[in-house]
Structure formats: C-alpha cells, structure tokens
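Undergrad: requesting a structural model of the entry that follows:
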Amino acid sequence: MAEAAREAWITGIGIVSCLGEGVQAHWQALCAGHPQADTTTFAPYIVHRITALDLDKQIPKKGDQRQMEPWQRIGTYAAGLALDSAGLKGNAEVLARTDMIVAAGGGERDYAADSAILSSRSKADNPETFLNERLMSDLRPTLFLAQLANLLAGNISIVHGVTGSSRTFMGEESAGVDAVRTALARINAGQSDIVLVGGAYNSERPDMLMQYEFGGFNLKEKYAPVWQRAPKGGFALGSLGAFLVIESRAQAEARSAGRLARLSAVLSERSRRRPGDVETALARMWDRLADKIESGRVAVISGATGAEPATSEERAFFARHKDIAVRATGSYLGHGFEPQFVMNIALAALALSHGSLFPPGEESAVERPMEGPLKQVVVTGIGHWRGEGVALLEAP
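TA: Below you'll find the model as predicted:
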C-alpha cells in the first residue's frame with residue numbers, strides 16, 4: 001500500500017466515442033441505455049463509429065490536423081479534453097513535468113495506393129520487382145512515419161505542450177493495461193508526480209475489419225449486447241479516444257485539483273488461454289484484491305469483448321459472485337483494443353464521482369441493478385486473444 005502522499009488520484013478525464021464527447025455525454029448515454037451501433041456503413045459488420053468532433057477546439061492548427069491520421073486526431077483530441085478536465089491547459093510549468101504513457105497500435109494504410117499495387121501486381125512480368133518499385137515510388141515518405149506508434153505521443157506533446165518523459169506501449173488490450181499499471185507504479189514509487197495516460201483507436205478501417213474477419217472475430221449481420229453473443233461470439237469494433245490525468249495525492253492537493261477517484265491497484269496476467277485459463281487468471285487477480293474490496297459497495301465495469309471463449313469464461317467467473325453488479329461497456333462503445341481499459345477506468349471514475357452505477361444494459365443474470373451507494377469499482381480487461389488485467393478504483 002502506497003503511503004498517503006503517494007496515493008494516485010484521477011484528476012482529469014478526456015473521452016470520445018460513438019456515445020459523444022466528454023464525461024457528461026457518456027454518462028447521459030449510459031444512463032439512457034441506447035447503444036449507438038452502425039449496422040449499415042460496413043455491412044455485414046457492426047461498427048461503433050466516432051461522434052462528429054470539432055477538431056479546432058482541441059487541435060487548433062489545420063496543419064497539425066492534416067498531418068495526423070484519424071486515430072491520432074482522436075487521441076490528441078481526447079488528451080486535450082483530459083487536460084481541460086484537470087485544469088492543466090496552458091499551465092506550462094506543470095505540463096513541462098507531466099509524463100506521458102500511451103497505448104497505441106500501428107498506423108493506417110493508404111488504401112488507394114494499396115489497391116493500385118495489388119490490382120497491377122498480378123499482371124507484372126516480375127511481381128517481386130514490381131512490388132518493390134511501386135512501394136518505393138507510390139507510398140509517400142510520411143506514410144512510414146505515420147506507422148510509428150509513438151507519433152500519437154509526439155502529436156500530443158506538440159499540440160498540448162506535454163513535455164515530460166514519454167512512453168508508448170503496443171500490444172492491443174494488454175498495452176492499455178500496462179500503460180495504466182506503469183503510471184500507477186511510477187506515482188507510488190515517487191518516479192512521477194503527474195501522468196497523462198491513454199490511447200486511441202479508429203475502427204472505421206476496412207483493412208482492420210478484414211484482418212479480424214480472417215480470425216473469425218467480427219460481429220456480423222445483427223447487433224447483440226456483449227453477453228448475448230455466445231456461442232459463436234464476436235466483437236463490434238469501436239472508435240475510441242480515452243485519456244486520464246493521474247496525480248500523486250500530494251501533487252493534486254498542492255494545486256487544489258478536483259479528485260474524481262483514487263486508483264488503488266492495477267494487476268495484469270497473460271495466460272496461455274487453454275480452456276478455463278481466463279477464469280483462473282481472473283480468480284488470481286481477484287484474490288489479490290479481496291482484502292481491499294468492500295462487499296455490497298463494489299461493482300464491476302467489464303471490458304468483455306464478446307469474443308469467445310473468453311467472454312463466456314468471464315461471465316462464468318462473475319456468475320459465482322452473484323452479489324456484485326457487472327456492466328459490459330462493449331455493448332455501448334464497441335471494442336477499441338488499446339484504449340479500452342483506459343476508457344473503462346474513466347467510466348468507473350465517472351460512476352464513482354456520481355456515487356452510483358448506471359443501469360443494466362441488458363436483461364441477464366450478470367447485469368443486475370445495484371442498490372446502495374457505490375464506493376468501489378473493479379475494472380476488467382480480458383483481451384480477445386491474449387492478456388488479462390484488472391484495476392481497483394475507490395471513491396475520493
């Protein structure tokens with residue numbers, strides 16, 4: 001347990017998704033219980049598309065906007081919202097020592113160039129030579145730079161002036177877990193006083209839909225809430241941007257920052273995913289938190305993807321904890337990989353700041369109503385293929 005001065009407090013939240021922009025839009029949408037799933041644009045695939053953003057509000061220079069890919073714009077925008085929420089915008093002294101930890105994937109493809117190359121390659125006398133020549137001449141140099149995952153952190157630094165140390169993690173859902181876990185560890189150890197942590201994902205990409213279709217992961221034809229997708233399962237990709245400002249208690253108090261929630265623990269696992277491994281991993285992490293959990297005052301915000309068998313195993317685990325209300329936000333947001341865990345921590349902090357859990361998103365034995373005040377939230381992040389994590393948040 002960290003000493004009181006090194007406790008980690010969430011003081012800022014910046015989130016964008018299909019549900020809207022900012023914490024109030026998300027809270028209202030979750031309480032209303034109306035998923036925003038698009039079943040037509042990328043049919044037969046279900047996609048949760050990003051809300052319309054006025055980029056000028058958080059990325060004022062058009063030149064900055066143009067050189068970013070959509071996922072970078074989403075992330076830079078969400079980071080700006082988090083800094084606004086924490087009251088840090090324009091505070092050069094604090095921003096200069098604000099560390100940054102980003103969870104990110106690779107860049108986005110130039111579809112026109114890809115299509116032209118693939119269409120012509122089969123007709124070439126020497127396909128290998130043709131491919132090399134076209135890749136060198138058709139792909140603009142900035143495409144290669146745009147595929148660097150750490151460009152999101154670079155753009156945030158340029159646009160918002162966050163100039164402390166910077167780290168970028170790759171690795172789908174596990175990247176988001178480790179980004180927050182590292183931020184908490186650094187604050188508890190006194191290596192950081194304030195950290196901006198988060199990530200972004202653009203789901204509106206035919207190449208990614210194709211990639212996950214090869215693995216049989218996509219939800220198709222008809223929308224269904226996360227817990228109702230078994231036995232075949234599947235996730236609906238979701239465009240997300242989620243950033244948190246996390247500070248040591250001493251740092252937050254020194255600048256009279258508002259506190260939304262305390263981040264008490266973040267744990268991670270990486271099971272081999274044999275039958276039953278997800279349940280076992282969850283049980284191990286839950287046992288490590290058991291002495292901190294207050295019965296009757298805790299809820300779970302689940303990052304269940306809908307992919308099987310992981311989702312059914314997570315559901316089976318919580319079926320053994322019938323006194324705990326669970327909410328799967330993937331039913332509303334879709335699945336955004338790297339930022340999903342950060343997004344769910346943000347929603348957990350939001351619920352704690354309201355002192356209550358939003359209503360069930362479906363009728364099931366897992367998503368039951370919660371009576372009484374909400375004091376703690378456990379956030380789960382079970383990767384669609386690999387990686388498991390949990391976080392414990394407590395009321396300020």
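Undergrad: which of the residues in the longest helix along the chain are buried?
TA: Counting by DSSP state H, the longest helix found in the chain is helix 172-189. The neighbour-count check on helix 172-189 (16 or more other CB atoms under 10 Å) flags 172-184, 186-188 as buried. To be clear about C-beta, it is placed using only N, CA and C from the backbone, and glycine gets the same treatment.
Undergrad: burial measure for the closest residue to residue 277 other than its chain neighbours, as a count.
TA: Nearest residue to residue 277, sequence neighbours excluded (CB to CB, 6 or more residues apart in numbering): residue 271, at 3.8 Å. Per other CB atoms under 10 Å, the neighbour tally for residue 271 reads 19.
Undergrad: one more: residue 374?
TA: If you count neighbours by other CB under 10 Å, residue 374 ends up with 19.
Undergrad: tell me the pLDDT at it?
TA: Turning to residue 374, the model gives it a pLDDT of 96.
Undergrad: gap between the two ends of stretch 99-118?
TA: 42 Å (CA to CA, to the nearest Å).
Undergrad: and that stretch, how far out from the chain's middle?
TA: Stretch 99-118 sits 18 Å away from the centroid of its parent chain (CA atoms, centre = their mean, to the nearest Å).
Undergrad: what residues sit buried inside it?
TA: Buried residues in stretch 99-118 (16+ other CB under 10 Å): 99-105, 107-110, 113, 117.
Undergrad: so where do the helices sit in the stretch 151-300 of the chain?
TA: 151-160, 172-189, 206-214, 249-254, 277-289 (DSSP state H, counting those that start in this stretch).
Undergrad: dump the ones you listed to CSV, plus distance to residue 296 and mean pLDDT.
TA: Output for those, formatted as CSV (distance: least, CB to CB, whole Å; pLDDT from 0 to 100):
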stretch, distance to residue 296, mean pLDDT
helix 151-160, 40, 96
helix 172-189, 26, 97
helix 206-214, 39, 94
helix 249-254, 26, 95
helix 277-289, 16, 97
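Undergrad: would you list every one of the strands in the stretch 201-350 of the chain?
TA: Per DSSP state E, counting those that start in this stretch, the stretch 201-350 of the chain carries strands over the ranges 237-238, 240-248, 261-269, 298-302, 325-328.
Undergrad: sheet partners, orientation included, of the third one?
TA: Strands that pair with strand 261-269, judged by DSSP bridges, come out as strand 8-17 (antiparallel), strand 388-394 (antiparallel).
Undergrad: out of these, which gets nearest to residue 244?
TA: Closest of those to residue 244 is strand 8-17, at 5.6 Å (criterion: CB to CB).
Undergrad: state the next helix or strand along the chain beyond the closest one.
TA: strand 20-21 (DSSP states H and E).
Undergrad: mind listing what that following strand pairs with, with the direction of each?
TA: According to DSSP bridges, strand 20-21 forms sheet pairs with strand 8-17 (antiparallel).
Undergrad: tilt between the partner strand and helix 172-189?
TA: Put simply, strand 8-17 runs at 150 degrees to helix 172-189, going by axes from the mean of the first three to the mean of the last three CA atoms, to 10 degrees.
Undergrad: tell me the average confidence for strand 8-17?
TA: According to the model, strand 8-17 has a mean pLDDT of 98.
Undergrad: got the CA coordinates for it in CSV?
TA: This file holds the C-alpha atoms of strand 8-17, laid out as CSV (Å, rounded to 0.1, in the frame of the first residue of the first chain):
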residue,chain,number,x,y,z
ALA,A,8,-2.7,8.0,-7.1
TRP,A,9,-5.7,10.2,-7.9
ILE,A,10,-7.5,10.6,-11.2
THR,A,11,-8.0,14.3,-11.6
GLY,A,12,-8.9,14.6,-15.3
ILE,A,13,-10.8,12.6,-17.9
GLY,A,14,-11.0,13.0,-21.7
ILE,A,15,-13.1,10.6,-23.6
VAL,A,16,-14.7,10.4,-27.1
SER,A,17,-16.6,7.6,-28.7
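Undergrad: tell me the most buried of the strands paired with strand 261-269?
TA: Stretch with highest mean neighbour count among those: strand 8-17 (a mean of 28; mean count of other CB atoms under 10 Å).
Undergrad: quick one: it to chain centroid distance?
TA: Computed by CA atoms, centre = their mean, the chain-centroid distance of strand 8-17 equals 11 Å.
Undergrad: can you check stretch 24-44 too?
TA: Centroid displacement of stretch 24-44 relative to its chain, using CA atoms, centre = their mean, is 16 Å.
Undergrad: and that stretch, end to end?
TA: Termini of stretch 24-44 sit 32 Å apart (CA to CA).
Undergrad: need the contact partners of it.
TA: Residues outside stretch 24-44 that contact it (CB atoms under 8 Å, 6 or more residues apart in numbering) are 15, 17-20, 46-49, 51, 204, 206, 209, 220-223, 225, 236, 329, 331-332, 334, 347, 350, 354, 358-361.
Undergrad: alright, calling it a day.
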